[in-house]
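*Asks:* Provided below are the primary sequence and the corresponding predicted coordinates.
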Number of protein chains: 2
Amino acid sequence: MNQQPNLKIVIVGGVAGGASAATRARRMNEQAEIILLEKDADVSFANCGLPYHIGEEIPQRADLLVATAEFLRRRFRLDVRTCHEAIAIDREQKRVQVRRTDVLSGKEEATCWIDYDKLILAPGAAPIHPPLPGATASNVLTLRNLSDTDRIKALVDQQGSRRAVVVGAGYIGLEMVEQFVRRGLQTTLVELQPQVLPLLDPEMAQPIASEIEQQGVTVFLGQSVEQFLVDEDGSANAVVLSDGTQIETDLIVLGVGVRPNVTLASDAELPLGQTGGIATNAYMQTSDPDIYAVGDAAEYLYGPTGKRQRIALAGPANRAGRLAGQHAATGSSDPMSPVQGSSVVRVFGVNAAMTGITATQAKRLGLAARSTTIFAKHHAGYFPGAAMMSLKLLYAPETGKILGAQAVGGEGVDKRIDVIATAMHFEGTVRQLAGLDLCYAPPFGSAKDPIHMAAFAACNELDGIEAFVPSDADLIDKQIVDVRTSGEIERAPLAAATGAISIPVDELRDRIGELDASRPTVVSCAVGVRGHIAARILKQHGFEVANLSGGATARNQSIVGVPATP
Amino acid sequence: MNQQPNLKIVIVGGVAGGASAATRARRMNEQAEIILLEKDADVSFANCGLPYHIGEEIPQRADLLVATAEFLRRRFRLDVRTCHEAIAIDREQKRVQVRRTDVLSGKEEATCWIDYDKLILAPGAAPIHPPLPGATASNVLTLRNLSDTDRIKALVDQQGSRRAVVVGAGYIGLEMVEQFVRRGLQTTLVELQPQVLPLLDPEMAQPIASEIEQQGVTVFLGQSVEQFLVDEDGSANAVVLSDGTQIETDLIVLGVGVRPNVTLASDAELPLGQTGGIATNAYMQTSDPDIYAVGDAAEYLYGPTGKRQRIALAGPANRAGRLAGQHAATGSSDPMSPVQGSSVVRVFGVNAAMTGITATQAKRLGLAARSTTIFAKHHAGYFPGAAMMSLKLLYAPETGKILGAQAVGGEGVDKRIDVIATAMHFEGTVRQLAGLDLCYAPPFGSAKDPIHMAAFAACNELDGIEAFVPSDADLIDKQIVDVRTSGEIERAPLAAATGAISIPVDELRDRIGELDASRPTVVSCAVGVRGHIAARILKQHGFEVANLSGGATARNQSIVGVPATP
């Protein structure tokens, strides 16, 4: 292991990936000079925790300071320089130009050049602040760092603030909605796409939308913001949507995506990848082997497609930073593993987690993918407190290779997605998923876990034991058999299923003569379990039959959608 | 797929594996005759839920009836015969002899022979009821089925019952202890081994022992029961231990292991395996291809060793039953996957989960294994409610192949063990574990999950970056450096570490001259994180140094052990 004593490592960006790189580099090389440059006032803060401090779920601001500059200096002998922005790289002479700014005014105080042997870029991404009329008003804000947090929190803490509008229903947007409601603000959510959480398939996002509305939030979907109406005092007092709707508000937070900070790299002629992030190899090296890039500005190998792309998540940033720090300090490290894009969000009482690709993404990428959706309890149904979750599993036809999964429900969705992401790390198949030995006791799971149930369904499909139709399939011209009890059907009729024949599954064998065996048939129950049994009975009686994936629950979510909000 | 219409499948045992086999066989073959024989009065009950009904955490007894005989008849057209015990197999003529008993008296009513084409044995295991003096007393009970549950619960419900003794600190024993405390009984736990949960490594079981004692339970470890003192009315009133201790009680539950019900199979000359279970192949077929065996009486391929053994867990039983049912009904199925022995238990506020082998087992099996123990919060430390867990990871030297893991703590131990069990399914290494992409948001995990932290430590060890000594290592003759603050050391001095030198990690670089670089050195902190940093500093200054795995927390658990109870 090369531990060149006078090695000089410069790191640009002091949050997640940058801080991980710096501390790992130090542990690998006690003698190296390690300079950590951060353009803002704080390093290594809990960027994923910011919304929770605004909502006072994390009451102490100090708790967000995971590692202060002082701490990093003391424990790791890092030369931490906050309010130092790297503005140019001179690759020829291996030096980086740095502008020092005043912490309060942000004004430039000085610039200088710093030599490096190894340079690690972790500049992150900047929230997009669209140039709409009124968008520069003092209360139209984005959330990236502690200063942003302080600004938003100050507005909430003000006596006068009673209403908030959140633009963008992605992770940060939904977390802000939850925290604003927690603070008692009358909250409105606006999303350009026709669904919340556009990263998920539409029907999987539906329970999140319902939960948000049940919490008293007004939701506008499929609407863009046209402008912000601004007061004489320079603050916005209303948001105007594309359909003309005007929402009065005291505060606006934009969560409409991020733009990677790649100017420094591209100015230095370090190539960008197809998705606009800094191109890297397995050791997070850019085209210049002495320069690494990690975090939201870099590209990673994305497991489900085998292609490189940006993935703006804290987990990969930290792991990549750690590896790059070691590689820079010693010349070797393990390669960075493919990233599956695993993520999770809590939205009031509903959690949504996902990994890999969705059906929507598969379609966009032109990837052949099948899917199955199951509903199951998060632990033994007979044990008190069992919560229903929906789990959608995507897999390749023929091979059954797992491509992705989404889980929405109460407790335990993160566990199922982590297990599936792990199987994906090993390029596992749904058949292997069906054979996993997961731990079980009534308070924790079921002898047949939701993961097994989803994998069983997928294997049945691959083996020709059972065919599925997607929850939102067009059922016109099909013979539809609803095998629920009449009471269940009355309470929740199957959407878009005109002419459905009602035969409870337990009567199906005796009443099979009421059905036309020559017609393509679809069976449906509440969530798909009885449908499975019915499909097997009919198939063995010569029917061409498919089971409606996820039954009436999935279909009614898919088709009926979010009720329009006034 | 063979779907012989007049196929006759007989299944012996109507719980977990047997019920799964029967329902899968029906779904695969609508025409087959399927007979489910169960010697007791109930089929398909929630055997893992029984303790919770005694404690009234599951208030309704009916909730334990996952699928009644009537339900199985109606939905799956199964010929369910309760109170029918299979007593002999005539393999020549392919028939099984059955004794019908009276549900109340248990007396034989009739015997008959039933033909089969395929026979599936799922006879389970019987709790061991040791032939000690007084062991046949009316209130010395084991827990296997609903009748046992009713008997124990009736005793608890009695006005007079105020004290209970549980013998055996395995899963069922601990669950019973928890439920008895819940019911307000003064509870005593007796265990032959010197630790609770003997399946776990001793130091990992320690927090469970502490929790039980904090709940007011008296614990006797390393003691056997010699006899039960019996009243004139035929009920035991005291338990006598090997050291002469006499514990007065109103009720005794034995949870001292199970014996597989293999007589039926061995009488029919079906070979047993090395661990005394019915020998099976990948399709759960016995040596007779028309006879399958699943559940607690069968042997499975055990992942960590690649050998076949008994594994008395509900998950494998259900999955194996499903595959055997399909194979019996159609002649083909996926093979049964290796079982990792994943399991979990809740003991009041502490959960313990495990998969694969422990250090104790590795020693017994003569398997080379290294281990690392980390302590980490179950979700972001800055987010409210973060609970500490300990995670011990076992892996093969050289290859780093994962051999097992144990996790003990609050929420989320099941998640970590499921992820590691999944990696083990793919014969993964600790290096691959370090690269997993797990989902993260502050309420669910950390950007560097406890799994990553454990894997990082293991990789450091494999790469020669850091050496570890086990938490209970003999430190005599070592230079011990405790890098905690003096306040921490005062509150919890490092056990069995005479002469430890105190240098807080942040002062170590400046005070390195106080140490003797020529002496083998061990560093320790609270849980191992600062120890890691200190070890790296010293190693790069030429010290031969190791980090105490899990720091003072793990050592003090390992060495100080459970305080003796009076």
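*Replies:* All right, it came through fine. As the structure is a prediction and not an experimental result, all values here were calculated from the model. Residues are numbered from 1 along each chain as shown, chains lettered A, B, ... in the order given.
*Asks:* Which one of the residues in the stretch 401-550 of chain A is closest to chain B?
*Replies:* A:Gly435 (2.8 Å; CB to the nearest CB). Placement of C-beta: from N, CA and C, glycine included.
*Asks:* Just to check, A:Arg73 is in contact with A:Thr82?
*Replies:* No - using CB atoms under 8 Å as the test, A:Arg73 is too far from A:Thr82 to be in contact (11.1 Å).
*Asks:* Give me the more crowded residue out of these two.
*Replies:* Using other CB atoms under 10 Å in any protein chain shown, the more surrounded residue of A:Arg73 and A:Thr82 is A:Thr82, with 18 against 14.
*Asks:* Report whether stretch A:55-70 contacts chain B.
*Replies:* Yes - judged by CB under 8 Å from any CB of the partner chain, stretch A:55-70 and chain B are in contact via A:Glu57, A:Ile58, A:Asp63, A:Leu64, A:Val66.
*Asks:* Backbone dihedrals for A:Arg491, please?
*Replies:* The phi and psi values for A:Arg491, taken as degrees, to the nearest 10, are phi -70, psi -30.
*Asks:* coming back round to it: save the residues of stretch A:55-70 next to chain B as TSV, and put in secondary structure too.
*Replies:* As requested, those are exported to TSV (DSSP: H, G, I helix; E, B strand; the rest coil):
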residue	secondary structure
A:Glu57	coil
A:Ile58	coil
A:Asp63	helix
A:Leu64	helix
A:Val66	coil
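*Asks:* Return the entry from those residues with the maximum number of neighbours.
*Replies:* A:Ile58 (22 neighbours).
*Asks:* My understanding was that that residue contacts A:Pro51; is that so?
*Replies:* No - applying CB under 8 Å as the test, A:Ile58 and A:Pro51 come out as separate, 9.1 Å apart.
*Asks:* Report the contact partners of A:Thr305.
*Replies:* Listed by CB atoms under 8 Å, 6 or more residues apart in numbering or on different chains, the contact partners of A:Thr305 are A:Ile357, A:Leu365, A:Leu367.
*Asks:* In a helix, it, correct?
*Replies:* No - secondary structure of A:Thr305 (three-state DSSP): coil, not part of a helix.
*Asks:* Point me to the residue of the stretch 101-250 of chain A nearest chain B.
*Replies:* A:Tyr171 (7.5 Å).
*Asks:* Skip the chain neighbours and tell me the closest residue to that residue.
*Replies:* A:Val345 (4.9 Å; CB to CB, 6 or more residues apart in numbering or on different chains).
*Asks:* Compute the distance between A:Glu70 and chain B, please.
*Replies:* 11 Å (CB to the nearest CB, to the nearest Å).
*Asks:* can I assume that residue sits in a strand?
*Replies:* No - read with three-state DSSP, A:Glu70 is helix and lies in no strand.
*Asks:* re earlier: the residue of the stretch 401-550 of chain A closest to chain B: what's it in contact with?
*Replies:* Counted by CB under 8 Å, 6+ apart, A:Gly435 has contacts B:Arg319, B:Asp334, B:Met336, B:Ser337, B:His425.
*Asks:* what's the spacing between it and B:Met424?
*Replies:* 12 Å (CB to CB, to the nearest Å).
*Asks:* got it, and A:Ala279?
*Replies:* From A:Ala279 to B:Met424 the distance is 35 Å (CB to CB).
*Asks:* cool, A:Leu365 as well?
*Replies:* 31 Å.
*Asks:* same check, this time on A:Glu191
*Replies:* 41 Å.
*Asks:* cool, and A:Leu313?
*Replies:* Distance, A:Leu313 to B:Met424, using CB to CB: 25 Å.
*Asks:* Then A:Ser342?
*Replies:* 19 Å.
*Asks:* So the two - more neighbours on which side?
*Replies:* A:Ser342 (30 against 26).
*Asks:* I figured that one hits A:Thr355, correct?
*Replies:* Yes - applying CB under 8 Å, one finds A:Ser342 in contact with A:Thr355, separated by 4.1 Å.
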